[in-house]
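Asks: 3D, please:
(3 chains)
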Amino acid sequence: MAARRIELMLCTGTGCVAGGAFRIKQALEEEIARHGLPDEVSLVATGCNGFCGQGPLLVALPEKIFYGWLKTEDIPFLVQEHFLKGRPVQKLMFTPPEKKEPIPLLGDIPFFNKQMLLVLRNKGLIDPEKIEDYLARDGYAALEKVLTSMSPEDVIEEITKSGLRGRGGAGFPTGVKWKVCRNELKTPKYVICNCDEGDPGAYMDRSVFESDPHAVIEGQTIAGYAIGAAHGYIYVRSEYPLAIKRMQIALDQAQEYGLLGENILGTGFSFDLEIREGSGAFVCGEETSLIHSIEGKSPEPRQRPPFPAQVGIWGCPTVINNVETLANVPIIVTRGAEWYSQIGTATSKGTKIFSLVGKINNTGLIEVPMGITLREIVYEIGGGIPGNKQFKAVQTGGPSGGCIPNSLIDLPIDYESLKEVGSMMGSGGMIVMDEDTCMVDVSKFFIQFTNDESCGKCTVCRDGSDALLEVLTRITEGQGMSGDMEFLEELGLAIKDGSMCGLGQTLPNPVLSTLKYFRDEYEAHITEKRCPAKVCKNLIAYWIDPQLCQACLICHRECPAESIYGEKQMVHVIDQNKCTKCGTCLDVCPPRFSAVKKLSGEPVPAVERGIKVERKKKPARPEQEKVQV
Amino acid sequence: MLSEQSLNPRIGAALVVGGGIGGMQAALDLAAGGIKVYLVDSRPAIGGVMAQLDKTFPTNDCAMCTMAPRLVEIGRHRDIEILTLSDVQSIRGQPGNFHVTVKKRPRFVNETKCTGCGTCVANCPVRNDVQPLDVPRVELEPAYRDKVAEIVRRHRERHGPLMPILQEVNTAFNYFPASVLSYIAQETGYPFSHVYRIATFYNAFSVVPRGKFVINVCMGTTCYVRGSQRLMERFSDTLKIKPEETSPDLLFTLKAVRCIGCCGLAPAAMVGDTVYGKLTVKEVSGIANKYRGANGHGQTHAG
Amino acid sequence: MAKLTLDELRKKRAEAQKGIYLREGEFRGKIIVHMGTCGIAAGARGIVAAFLEELERSGTKDIMVTTSGCAGLCSKEPMATVEMLNTPPVKYGELTPDKARNIFKEHIVGGTAVAAYALGMGSERGA
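Replies: Next up is the predicted model:
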């Protein structure tokens, strides 16, 4: 490939594609061609860059200038100014909220410079559909090392020493799992990569598939070599079409290059991989369910032991590892266990990818060393809460995890500390909640989810989640009774004790942890019939402040229930009997009036119809938002 | 003069209907109080459903460990008479003095002599002779025939063929017509009940027709805290269908999905493979119209 | 394509590494070609192409070729500034592709500035 002066790394992860990355790509190609630059500027479609909240985005190399929130209209200007004339375009750079100066360089943006990239080392630097790009970044060097200079026992020893633990949630030591499987006498053996990433709010596995699929293939092949397997499966959920496509391309390339298949690199070791798709069942992320799903059986978990490492798919010993775990393997092999085990805390080694989402300024995927505090994640990498709202809690571990309150914000994140506070690592979703999030509503949401997804095999999980949901629904509807909280706690503990698989054993966590840290919110719902975050529909009312209403008629027009009385010059009034509490009026009320208010736990002040509007001083910028009167 | 007592003399015996764990305990308690008990069960043995369970709610105790001592005690108790294979036909009388007719069905085995060795089961020629059902072969309607047959042929020899077959058929027709499921069962050799169970287990599958465009509104945590519930309501209002329903013209199906992994763009919805991120309630009707238009049913705007 | 052996894999990898050196981030020096309207009119594009060709031919990986706006001395365009690590930048003027190749050989590879084309050493001082 010829030398280039500029390379543009355009993110084409799912997030950016949804934001129009392919349209941007086309526009860039056209503009580059129009200026006659194709020999000097090359465009690389990479996997997820991680800073999804800024998408669609690109990084211009070699200076590493970061451009976010691109629109097709901006492209001609960008190409002419920066790529032709060499003047980076300030207005497209990342500007932290509440600041004026943009930060041009990727390395200077706090979102990036606090991270530590091991698993995502190639993110945004390679084209995931080109094996050459992966090779150039020392790809398949670990496989080469393993096949030429290490025995399977050496590999297992190395992984054990590194302290790598399963990244899928429970944190089982990977080396131990491999050893158990290696020691089983029965053959053949299998390796399964678990990419059934069902936790709402977590998408790092998808991102790894989309940005660096060969790393997973390499890791899985090494796992195959270590345990003595000749065949493996990659189980992906069908909700990830792009990830499936890229993984299939990567598999085909690896097979073509002889990095998969018979007699790999002439070393006599043979290993093959095959993709199997899920079809939308959360419980399939549980390893025994996953096995049943591939086998075509009804995907319900079964009792362990025997563990899949002993009796797995088709009755044979099977290692099941999460995507992120496998993607860690090549770098451990190349850099050595000793180097790897220096990163992280005493019990949790290495890095962990989190998807930092929710009510936070910088949403996206982050890879950080274990032991980092929540404060660093939320305020430094995440850039704090939008709109100067109050940080309330972080929910980790998906529906199996719990909420960590503001008071524990200096908690170092590792497997043990999270467990101690009633949450768990899970697959790494990190959902930030602010003062506008109702914790009772959130725990109801999770129970709804697990209730839907419970396979129904264990009574405690199936009926217990029903009962939890019923009580939580009652509380959010203002029908809570005294004794409800105690009931939730008792039932939650019973479900934990009585369920067979991880889904049931952890499903009460969201309820139990919110009860522990946000008891006052439950109390407000139950005794005062008030929702402090003003979320629960039955406990709130919308009301137009007659002092602020400027009779612009927008809410009157937009109200889907036609519940707003409005006339020119007259204060608008919401008919509380007709109001469906959809919130449209609050959305459409121009911010400079902010006349629509949410009320909870207090009587709605009556406003008569036919009050004349009290004209305020002239609106700040009348030419921008014309008021139709 | 006859007293009420003499008209209705109390009998020192009780009848317990149903020999499950509840009936067994009741029988034991009554017998411990010195009352003669008749324990009636319509099945060949007492024990009920609990005997089939592994563990019990909510303590997770072993079911058989709870039951076994009671079974033994009942068997040995001289005041409890077990009537198995028996149905209560009628009850007459008043509290304290009932007259119950119990019909006992034949067992053909002398219970007092049987040792439970099982030889009769092993040697019975009738029981072992399984009569295959005369099931007619399923022929597919022309609309599905070639496509489904081709998909089945391609995957039949694979290890674990059912999921790939169902996935492709579902993609092809958007749902499973009943005849197609029977056909798959017949061709793969799985029982129909099993195929049906799989077809109804996964969220991506459906056994009722679905719209040409499936609108998946993400209800993942992030989207939820960012207000996807309201998007869903607006979609529901705009399309005049409830979540999980299909519009009568088979154009739209509205569904809630748990996380499509676009949390950076919350709230999001997915139509087909296209993801719409950072959606607001206002954009909903535009999206619906776009797909209506794509299907040639351009929305006409009044006025 | 035939399956790779170990040696072929290593060769492939080395070859691929040439293509992505811009992404690795360690640079010894930087060639800035001034591409204002005047520079482009005077033929700066040809200069960039010449530098890139030389770069590729020599297999040098730690030099960045980049562009910037007008340098303010329009009569001397096309111009380029060469900044090597730990040495003051050198500005060259009235370049041709051949001169550019020379600069590459002598200054970038050889380490001595080409006095014949140089306009001056060092940059303007900031206000």
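Asks: hey, where'd the strands end up in chain B?
Replies: Counting by DSSP state E, chain B has strands at residues B:13-17, B:36-40, B:55-56, B:61-62, B:80-83, B:86-94, B:97-104, B:213-218, B:252-257, B:269-271, B:274-276.
Asks: who wins for proximity to chain A among these?
Replies: In terms of C-beta to the nearest C-beta, the element of those nearest to chain A is strand B:274-276, at 3.5 Å. (Each C-beta comes from the backbone N, C-alpha and C, glycine too.)
Asks: contacting residues around the closest one?
Replies: A:14, A:17, A:18, B:260, B:262, B:265, B:268, B:269, B:270, B:283, B:287 (C-beta atoms under 8 Å, 6 or more residues apart in numbering or on different chains).
Asks: what sits closest to residue 74 if chain neighbours are left out?
Replies: Here I'm looking at chain A. Excluding the flanking residues, the one nearest residue A:74 by C-beta to C-beta, 6 or more residues apart in numbering or on different chains is residue A:92, at 5.9 Å.
Asks: ah, no, chain C please
Replies: Distances taken as C-beta to C-beta, 6+ apart place residue C:38 nearest to residue C:74, at 4.1 Å, with adjacent residues excluded.
Asks: give me the neighbour count for that neighbour.
Replies: Counted with other C-beta atoms under 10 Å in any protein chain shown, the neighbours of residue C:38 add up to 19.
Asks: now do residue A:108
Replies: Neighbours of residue A:108 (other C-beta under 10 Å): 12.
Asks: before we move on, what about residue C:37?
Replies: For residue C:37, the count of nearby residues is 12 (other C-beta under 10 Å).
Asks: can you tell me how far it is from chain A?
Replies: For residue C:37, the distance to chain A (C-beta to the nearest C-beta, to the nearest Å) stands at 8 Å.
Asks: how about that residue, what does it touch?
Replies: With C-beta under 8 Å, 6+ apart, residue C:37 has these contacts: residue C:70.
Asks: with residue A:325 instead?
Replies: So residue A:325 contacts A:164, A:165, A:166, A:167, A:168, A:174, A:219 (C-beta under 8 Å, 6+ apart).
Asks: may I see those residues arranged in TSV, with distance to residue A:379, neighbour count and pLDDT as well?
Replies: As requested, those are exported to TSV (distance: C-beta to C-beta, whole Å; neighbours: other C-beta atoms under 10 Å in any protein chain shown; pLDDT from 0 to 100):
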residue	distance to residue A:379	neighbour count	pLDDT
A:164	29	23	93
A:165	27	26	93
A:166	29	20	90
A:167	25	28	88
A:168	28	27	81
A:174	32	27	94
A:219	33	27	95
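Asks: and these, which two are furthest apart?
Replies: Using C-beta to C-beta, the contacts of residue A:325 span at most 14.7 Å, a distance reached by A:165 and A:219.
Asks: skipping adjacent residues, who's closest to the residue in chain C positioned nearest to chain B in space?
Replies: Distances between chain C and chain B by C-beta to the nearest C-beta are smallest at residue C:23, namely 23.3 Å. Leaving aside its chain neighbours, residue C:23 sits nearest to residue A:125 (4.8 Å; criterion: C-beta to C-beta, 6+ apart).
Asks: same check, this time on residue A:244
Replies: Counting by C-beta to C-beta, 6+ apart, the residue nearest residue A:244 is residue A:236, at 5.3 Å.
Asks: next: residue A:462.
Replies: Once flanking residues are discounted, residue A:462 sits nearest to residue A:456: 4.6 Å by C-beta to C-beta, 6+ apart.
Asks: which SS class is that neighbour?
Replies: Recorded secondary structure, residue A:456: coil (DSSP: H, G, I helix; E, B strand; the rest coil).
Asks: what is the end-to-end distance of stretch A:409-418?
Replies: End-to-end distance for stretch A:409-418, by C-alpha to C-alpha, to the nearest Å: 12 Å.
Asks: to clarify, my last question referred to stretch C:80-94.
Replies: 9 Å.
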